[in-house]
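Chemist: I'd like to go over a predicted model; first the sequence, then the structure.
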Amino acid sequence: MPEIRLQNLRKDYGAVTVIENLNLEMAEGEFTVLVGPSGCGKSTTLRMIAGLESVTGGEILIGDRDVSRLEPKERDLAMVFQDYALYPHMNVAKNMSFALRLARMNKADIEKRVKDVAATLDLTAYLDRKPAELSGGQRQRVAMGRALVRDAGTFLFDEPLSNLDAKLRGQMRAELALMSQRIKKNMIYVTHDQVEAMTLGDKIVVMKFGEIMQAGTPEELYRSPANKFVAGFIGSPTMNFLDAELREEGGVLSATGDGFSIPLPEARKAQLQAHRDRQVHLGIRPSSFSEGSGGIAMPIILSEYIGAQSVLISEIGRQRVAIEVNTVVPIKSGETREFTVQGDEVHLFDPKTEAAL
Amino acid sequence: MSVARAARLTPYMFLAPAALVLAVALFYPICYMIYASFLDWNPSQRIGEAEFVGLRNYIKLFGDPNFRESLWVTLKFAGIVVTLEMFIGVGLALLLDRNIRGMSVLRTLFILPMMIAPIVVGLMWRYMYHPTVGIFNKTLTNLGFDTIPWLSDGNWAFASVIIADVWQWTPFIFILSLAALQSLPSSAIEASKIDGATGWQQIIYIKLPLMLPVLIVTLLLRLIDSFKVLEVILVMTNGGPGLSTEILSLRINRTASEFRELGEAAAMSNLLLIVLLILTFAMFIYNKAQDARAARLRAVEEEA
């Protein structure tokens, strides 16, 4: 289970450059999630690692071995596809054992491995069925099983849960998390769903337009996003962004805008001096609002009661914001309530570069 | 007539014209031919004047070594051409299933032979096979080899008509196989690459099994067609030399026009028809089985 390194990776399709210069290191046994909106190059990156897509430039190193020009089968990896990619004409046992049969492993060993993996995935009863005779969730597990019997060094997942319904996706996500704890292998997982990324990843790599916006642990990405894109992408409900200006009054630096003024902590003052009296983008997570008197008076336009929490849609000045609060009794739409925001919980971004300040 | 009754009859009224055309164009000739096969009938007689001889024509056919030879030639011809065409056609499709520049032009070129009228194909090949001025023998002579009796030796003539038929009909299999190949799920093929399959193993374990339904239907279609081939061989060899290339449809043609035995020709046609019906029926059964399987799978899926 070696570490994986992508160095100056580049991919062109004809005259179009999808990925220009990608550098990424994945530690041994790490669960890395590539996440981003569609078209950000995450699947292309995964497919280049798999060897299904040629590499235009740069290297893919697994351990000390440069695999970027090798055939997929020479790279010691297993992959789970979005549409499962099961072999329709083979039953579950044959699907799972295909790679082992190609590798001419002896029959008794193959049978044992298939049985063991099938047992862990609850597939024992279905070994004789063809993929078409299985439900979506079962097919998904067969695809997983096919990767697991290989005992490869690296596992690749290309949006494996996106074809399942919401409930099943939640279940499979938990199973995947358990599986990755049990077998410590390199796992690279592509998804557009930030919840999957947050719950599964040891490390999350947020991508946009073929570039890495930020790579780090889920906590790092949530607590200190490197830029506005990552801040908006990670976390649910999405972070609110407001136009504001940094002003200093009576020795206190605050972010002030239409209808609000939030004092910033003393500790950040020195670092933000250069931006005084300038425009910034202010980011506030919906959960950073807390109800309390003396705060910003906000009209509740819409209240989405989910149970323990409610998401309130409101306005500050003319800018729409979402607020997440713990509720026992639903809050009615049409009310006006006061909310405070702590200065150390707001994020500031440069309006031009969108980088965090 | 009540409204309900009229409503019930409406579909049949719409079907009636087609049914009428079918009856006149299909059932009438078939019945006519079946009836004719029980007659000792000379073209100079009207059908009413012919003598009814029961199954004599059929009995005579089975005792006739020339007919048996002709049947054997037909089976041999169909078996060999279809086998060759399947191998070459599917092989070409596997080879050309990729994004090559100018592929669409290439594909059109490949299917050209199929679009030429059979008589023209026959003439073309006859000229090419010509013992002295034909391109093949001229080339052989120029290269210093002996000439080949393409159409004048029994074995060579049989090979020659096979070559012509393979040339004309391989594209049919090629084009259907290519369509089948290109509709295969690409991710299953990618999965097999990751699982470690070489190019050959992908073909043998994944592509061919997944193409099988299309290949079987293609095979049956070609088999049915190859039993009916007439014009190309008629123009090239007219069944000769001897009986070496006399396939059934040619023999039927000769029996009717040369030997003036209409009853016998009809009996032969009926036998050929039965062979074709069996093949068509096999195809029908195969399609039914496929449909039933698909329906069962759908049912399982809905349940799940």
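Modeler: Noted; the coordinates are in hand.
Chemist: Now name the helix or strand holding the residue nearest to A:Pro218 when sequence neighbours are not counted.
Modeler: Nearest non-adjacent residue to A:Pro218, counting by Cβ to Cβ, 6 or more residues apart in numbering or on different chains: A:Met198, 4.7 Å away. The C-beta positions use only the backbone N, C-alpha and C, and glycine is treated the same way. Element membership of A:Met198 [criterion: DSSP states H and E] is helix A:194-200.
Chemist: can you give me the offset of the next helix or strand after that helix from its chain's centre?
Modeler: Moving toward the C-terminus from helix A:194-200, the first helix or strand encountered (DSSP H and E) is strand A:203-208. On the basis of Cα atoms, centre = their mean, to the nearest Å, the separation between the geometric centre of strand A:203-208 and that of its chain is 7 Å.
Chemist: pLDDT of strand A:203-208, averaged?
Modeler: Taken as a whole, strand A:203-208 carries a mean pLDDT of 92.
Chemist: any idea how far A:Leu302 lies from A:Ile313?
Modeler: Distance check for A:Leu302 against A:Ile313: by Cβ to Cβ, to the nearest Å, it reads 4 Å.
Chemist: between the two, which one's more packed in?
Modeler: Of the pair A:Leu302 and A:Ile313, A:Ile313 is the one with more neighbours under other Cβ atoms under 10 Å in any protein chain shown, namely 17 against 11.
Chemist: Now name the helix or strand holding the more buried one.
Modeler: Counting by DSSP H and E, the secondary-structure element that holds A:Ile313 is strand A:309-316.
Chemist: Enumerate the residues of the stretch 101-250 of chain A near chain B.
Modeler: Taking Cβ under 8 Å from any Cβ of the partner chain as the contact definition, the stretch 101-250 of chain A meets chain B at A:Leu102, A:Ala103, A:Lys130, A:Ala132, A:Glu133, A:Leu134, A:Ser135, A:Gly136, A:Gln138, A:Arg146, A:Arg150.
Chemist: Pull the contacting residues for the last one.
Modeler: When you say that, I think you mean A:Arg150. Neighbour list for A:Arg150: A:Ala78, A:Ala99, A:Leu100, B:Asp195 [criterion: Cβ atoms under 8 Å, 6 or more residues apart in numbering or on different chains].
Chemist: let's go with 7 Å and repeat that
Modeler: A:Ala78, A:Ala99 (Cβ atoms under 7 Å, 6 or more residues apart in numbering or on different chains).
Chemist: Kindly list the main-chain dihedrals of it?
Modeler: Listed backbone geometry of A:Arg150 is phi -70, psi -30, with angles given as degrees, to the nearest 10.
Chemist: Give the closest residue to A:Tyr305 in space, chain neighbours not counted.
Modeler: Nearest to A:Tyr305 is A:Pro330, by Cβ to Cβ, 6+ apart, at 4.2 Å.
Chemist: Check B:Val53 too.
Modeler: B:Asp40 (4.7 Å).
Chemist: in the sheet, who's paired with the one you found?
Modeler: B:Glu51 (DSSP bridges).
Chemist: For chain A, see how far away it is.
Modeler: Using Cβ to the nearest Cβ, to the nearest Å, we find B:Asp40 at a distance of 55 Å from chain A.
Chemist: tell me the secondary structure for the residue lying closest to A:Val205 once chain neighbours are set aside?
Modeler: The spatially closest residue to A:Val205, leaving aside those adjacent along the chain, is A:Ala215, at 4.4 Å (Cβ to Cβ, 6+ apart). When the structure is reduced to helix, strand and coil (DSSP: H, G, I helix; E, B strand; the rest coil), A:Ala215 reads as strand.
Chemist: Pretty sure A:Ala215 sits against A:Asp202.
Modeler: No - between A:Ala215 and A:Asp202 there is no contact, the gap being 11.2 Å when judged by Cβ atoms under 7 Å.
Chemist: got any ranges where the chain has weak pLDDT?
Modeler: You didn't say which chain, so I picked chain A. Where chain A drops to pLDDT under 70, the residues are A:1-2.
Chemist: that answer is for a different chain, and I need it for chain B
Modeler: Residue ranges of chain B with pLDDT under 70: B:1, B:298, B:300-304.
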